[in-house]
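>>> okay, sequence plus prediction incoming.
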Amino acid sequence: MVPYDEPIYDFSGEKVSTRGYIDLHTVFCDGTQTKIIPIRFLVVDALTSFNVLLGRPSLNILGVVVSRPHLAMKFPSPFGDNLTIHGDQRLTRECYMASLHPQLLILQTNNIECLPSFDIALFGDNLDPEIGRDARLELVDDIVPLELPNGRTLKLGTGLQQEQRDILTPTLISNTDLFAWSVANLLGIDLQVAVHKLSNYKEARYVSQKKRKLGEERRLVAKVETDKLLNVGFIEEAHYTTWLSNVVLIKKANDKWRICIDYTDLNKVCPRDAYPLPNID
């Protein structure tokens, strides 16, 4: 393979980096009849269900006529007759479905827990920094405790190598004051740094959802969590009823409750963000 760093672009303008190119004599055969032409293949590192994509230069050299409904292509042979190559219908459908639902890479991360609802995920050395932004993350389940001088405990993932652990441990110990050990430590962000604002359509009507009854267990959990947020000044009581949304409690895998707000009605009257965070680049 010859080094080659000129990128290629798809129809949406997305840039794909090339690793190099390689010249191969490629055989096209119809039974016992064959036609061999030299093709320069650009090598890219991409998640795709296809191994090779033939471009127009190669098809022009072959003199190909393609029939998509028949999944076939014809081209003249060196002896004057026509060669026909048929595609595999079943394999084509499988490749098409695979391209619609690409398999995301599973990246192993190492978990650091300092508060039940706040985790830090650290990537290991086995990860490629050029992996795309759509890769899926999975936390490591096995953890070991790290005792700190202030009496607190951090939980480190066992996937960390010893060299990584030796570098990370003193850094964590010297920066224990930066961790949020309770909700009261989360004092918010200066408004000059970031401000969150909801913009809704001018013609939108106020929506007050009907009160949904919670079971006794859910009601007590909602009250405890609400009191926590009230005590630290995260939320304040609203003395108006223009917009009201119900509390929704969801059972987590560890049998604890996650408290959420039903913002369905509010989302309907807010313009969609043309550049959401997952696609910000």
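Perfect, thanks for sending it.

>>> show me where the stretch 1-150 of the chain dips below the pLDDT cut-off.
Within the stretch 1-150 of the chain, the stretches with pLDDT under 70 are 11, 101-141.

>>> which residues of it fall in helices?
For the stretch 1-150 of the chain, the helices defined by DSSP state H, counting those that start in this stretch cover 56-62, 89-100.

>>> hey, which of these is tucked in deepest?
Neighbour counts (mean count of other Cβ atoms under 10 Å) averaged over each of the helices of the stretch 1-150 of the chain peak at helix 56-62, with a mean of 13. C-betas here are computed from N, CA, C, even on glycine.

>>> what lies in contact with that one?
Helix 56-62 has contacts (Cβ atoms under 8 Å, 6 or more residues apart in numbering) with 26, 28, 35, 37, 39, 66, 75.

>>> run the last query once more with 7 Å
Identification of contacts with helix 56-62 by Cβ atoms under 7 Å, 6 or more residues apart in numbering yields 28, 37, 39, 75.

>>> distance from that helix to the middle of the chain?
On the basis of Cα atoms, centre = their mean, to the nearest Å, helix 56-62 is displaced by 37 Å from the centre of the chain it belongs to.

>>> same question for stretch 61-81.
Offset of stretch 61-81 from its chain centre (Cα atoms, centre = their mean): 41 Å.

>>> first-to-last residue distance for that stretch?
One end of stretch 61-81 sits 16 Å from the other (Cα to Cα, to the nearest Å).

>>> for stretch 28-38, same thing?
One end of stretch 28-38 to the other measures 11 Å (Cα to Cα).

>>> what's the helix or strand for the spatially closest residue to Ile259 that is not a sequence neighbour?
Sequence neighbours aside, Glu225 is the residue nearest to Ile259 in space, at 4.8 Å (criterion: Cβ to Cβ, 6 or more residues apart in numbering). Assigned by DSSP states H and E, Glu225 belongs to helix 216-231.

>>> mean confidence score for that helix?
In this model, helix 216-231 carries a mean pLDDT of 89.

>>> helices or strands next to that helix in the packing?
With contacts defined as 3 or more Cβ pairs under 7 Å, 6 or more residues apart in numbering; DSSP states H and E, helix 216-231 has these neighbours: strand 247-251, strand 257-261.

>>> what residues does whatever helix or strand comes next after the last one touch?
Meaning strand 257-261. Going down the chain from strand 257-261, the next helix or strand is helix 264-268, by DSSP H and E. Contact with helix 264-268 is made by 207, 209, 243, 245, as judged by Cβ under 7 Å, 6+ apart.

>>> so how far is helix 264-268 off the chain centroid?
Distance, stretch centre to chain centre, for helix 264-268: 24 Å (Cα atoms, centre = their mean).

>>> which residues are contacting stretch 241-257?
In contact with stretch 241-257 (Cβ under 7 Å, 6+ apart) are residues 206-209, 212, 218, 221-222, 258-263, 265-266.

>>> what's the closest of the residues you listed to Pro7?
Tyr263 (40.5 Å; Cβ to Cβ).

>>> now the two most distant members of the contacts of stretch 241-257.
Tyr206 and Val221 (28.2 Å).
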